[in-house]
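# Give me a model of this one.
(one chain, ligands or ions: 1)
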Amino acid sequence: MIPRRKTRQLNVGGVPIGGDAPIIVQSMTNTDTRDVAATIAQVNALQGAGSEVVRLAVPDRDAATALGEIVARTSVPLVADIHFDYRLALASLDAGVAMLRINPGNIGKRERVEKVVEACRAKGVPIRIGINAGSLEKRLLEKYGGATAVAMVESALDHVQILAEMDFHDVKVSLKASDVPRTIEANRLFAEQTDIPLHLGITEAGTLQSGSVRSAVGLGIMLFAGIGDTIRVSLTGDPLPEVRVGWDVLKSLGLRDKGITITSCPNCGRLEQNIEDVIEEIEAEFGQSDATIHLAVMGCSVNGPGEAREADLGVIAAPNGFLLYKHGEFWKKVKRTEILTSLREALAETAG
Ligand code: SF4
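Numbers count the residues shown, from 1 in each chain. Okay, the predicted model is just below:
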C-alpha cells in the first residue's frame, strides 16, 4: 500500500475527506445549473457511475436558487463553484450544499468574507480554495515572472491565511495547471508545507484519449508520492467517462477498489480463441456490478494460469473451449457459450 501524506480530515456532506479516509472520486456537471431537471439527471448519473462528490457551477442568482431543489432531490454531496460573489455563496449555503469552492481573496471586503466564513462554520461546510495557473494574481505573476509552481503555492497560502485569521481551518486546496510537470511541482511544494487536504486534477486536460493519459500520468505521479485526498479527471464533453477514468487511476495504484477489474492479455500469435468479444460481453454484463472482483481474461496457457491464479476469477482460452479458474484454482472447462452463465454463478456465490 502506498503511504499517504497525513492530512486533516474534513466532512463533506457525510463523506470524510483527508486523514485516513479513502481517496474520493469527484466530477463536475456540465449542464446549466438553472436547468433543474437536466442537472438532477446528470448528478444522479455521475453518482451512479461512482462520483462520490459532485461540483456544480453557480454563476448567478437563478443558479443558486435552483440549487435548493437540486440538493433536495439528489443524495450525493454537492459543491457550489462560485467566483467572487459572496451573495451566491450565502445563497448556496442556504440551499444546503456540502461544500463551497470559492477563493476568499477574491470575495472583496473583509466583512463579506466573514459572512461567508460564519455561515460555513454554522453549517459545518468546508471551503475549497482553487488555484488555477491561468488566473493567478497580477502581483504574483510580476513577483515570479509568470505562473510558476512557487507562485501558485504562494497564492494558495495567501487564501488559506485569510481563513486561518478567522480561525477557519476546514479547507481543501487544489492547484491546477494545464501542464503536468507544473501541477505536480505545485502540489509537491504545497504538500510539504501544510496538512491541508489536496484535490488533484489536471485542468484543460483534453479529449477522452489525451485527457485520460495526461490525467493518469499527472495524478498517478502525485498519488504514488502519497499526495491527494480527492481527484477529478477533467475531460472535454460528457463527464461520465471522467468518473470511470478516475476510478481506473485509483484502482491501478491499488488505492481503491470498486466493481469489476479486468486484466486481459494483449493477444499475440499464440491466441487460442478470440477473447475480445468475451471481454466485451463480460463488461456489458458485470460492468455496473457492485461486487469488487478481479477477473483475468487470457488468450492462452502461456501466461493464462499465472494471471488467473492471482485473480478472483480467470477465463483462459484453450483449444476447443475455455478454462475457468475460481479463487486461484482451476474450476472447469466450458464452451464459449457457457462462460457468462458460469461467471454469473461464481459471482452469485461470492455475493452470497
Ligand atoms: Fe499471447 Fe498467450 Fe500472452 Fe495472450 S496470454 S499475449 S495469447 S502468450
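# Flag every residue of the stretch 101-250 of the chain that's near the ligand.
With Cβ under 6 Å from any ligand atom as the criterion, the stretch 101-250 of the chain does not meet the ligand at any residue. Where C-beta positions appear, they are placed from N, C-alpha and C, glycine not excepted.
# Okay, strands next: where are they in the stretch 101-250 of the chain?
For the stretch 101-250 of the chain, strands defined by DSSP state E, counting those that start in this stretch occupy the ranges 127-132, 171-176, 198-200, 230-231.
# neighbouring strands for the third one, and are they parallel or not?
Okay, so that is strand 198-200. Sheet partners assigned to strand 198-200 using DSSP bridges are listed as strand 171-176 (parallel), strand 230-231 (parallel).
# any chance of those in JSON lines, with mean neighbour count and mean pLDDT too?
JSON lines is the format used below for the strands paired with strand 198-200 (neighbours: other Cβ atoms under 10 Å; pLDDT from 0 to 100):
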{"stretch": "strand 171-176", "mean neighbour count": "24", "mean pLDDT": "97"}
{"stretch": "strand 230-231", "mean neighbour count": "28", "mean pLDDT": "98"}
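# just to revisit the earlier point, just send the strands of the stretch 101-250 of the chain back as a markdown table, with distance to Leu90 too.
Below are those laid out as a markdown table (distance: least, Cβ to Cβ, whole Å):
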| stretch | distance to Leu90 |
| --- | --- |
| strand 127-132 | 13 |
| strand 171-176 | 18 |
| strand 198-200 | 23 |
| strand 230-231 | 24 |
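# Mind checking those strands for the one nearest to Glu329?
strand 230-231 (35.9 Å; Cβ to Cβ).
# Please tell me how far that closest one is from the chain's geometric centre.
Remark: strand 230-231 is offset 5 Å from the chain centroid, using Cα atoms, centre = their mean, to the nearest Å.
# Also stretch 16-27?
Averaging C-alpha positions (Cα atoms, centre = their mean) puts stretch 16-27 9 Å from its chain's average.
# so who does Ala151 touch?
By Cβ atoms under 8 Å, 6 or more residues apart in numbering, Ala151 lies in contact with Leu136, Leu140, Leu141, Lys143, Tyr144.
# ok, now Leu250?
Leu250 makes contact with Ile23, Val25, Leu223, Ile231, Arg256 under the criterion Cβ under 8 Å, 6+ apart.
# Next, count neighbours for the third one.
As a burial measure, the neighbour count of Leu223 was computed by other Cβ atoms under 10 Å and equals 21.
# Am I right that it is in contact with Ile2?
Yes - using Cβ atoms under 8 Å, Leu223 makes contact with Ile2 at a distance of 7.0 Å.
# Identify the contacts common to these two.
Common neighbours of Leu223 and Ile2 (Cβ under 8 Å, 6+ apart) are Leu253, Leu255.
# about what we covered before: now for the strands of the stretch 101-250 of the chain, which one comes closest to Val302?
Closest among these, using Cβ to Cβ: strand 230-231, at 35.8 Å.
# and Gly352, what pLDDT?
Looking at Gly352, its pLDDT reads 56.
# Kindly report the same for Glu283.
So Glu283 comes in at 88 (pLDDT).
# Number of residues surrounding it?
Here the number of neighbours of Glu283 (other Cβ under 10 Å) works out to 13.
# if I pick it, what's in contact with it?
Contact analysis of Glu283 by Cβ under 8 Å, 6+ apart lists Ile260, Ile262.
# where are the low-confidence patches of this protein?
Scanning the chain for pLDDT under 70 picks out the ranges 205, 351-352.
# quick check: domain ranges of it?
10-252, 260-351 (automatic domain parsing).
# related to what we said a few turns ago, with distance to Phe322 added, can I get the strands paired with strand 198-200 in TSV?
Conversion of the strands paired with strand 198-200 to TSV gives the following (distance: least, Cβ to Cβ, whole Å):
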stretch	distance to Phe322
strand 171-176	46
strand 230-231	36
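# Residue numbers of the stretch 251-352 of the chain in contact with the ligand?
Contacts of the stretch 251-352 of the chain with the ligand, taken as Cβ under 6 Å from any ligand atom, map to Cys265, Pro266, Asn267, Cys268, Arg270, Leu271, Met298, Gly299, Cys300, Val302, Asn303, Gly304.
# Let me know the distance separating the last one from Glu283.
Gly304 sits at a distance of 19 Å from Glu283 (criterion: Cβ to Cβ, to the nearest Å).
# now swap in the fifth one and tell me
The gap separating Arg270 from Glu283 is 23 Å, by Cβ to Cβ.
# From the contacts of Leu250, which land in helices?
Leu223 (DSSP state H).
# Among the contacts of Leu250, which one lies nearest to the ligand?
Arg256 (27.1 Å; Cβ to the nearest ligand atom).
# residues in contact with the closest one?
Pro22, Ile23, Val25, Trp247, Leu250.
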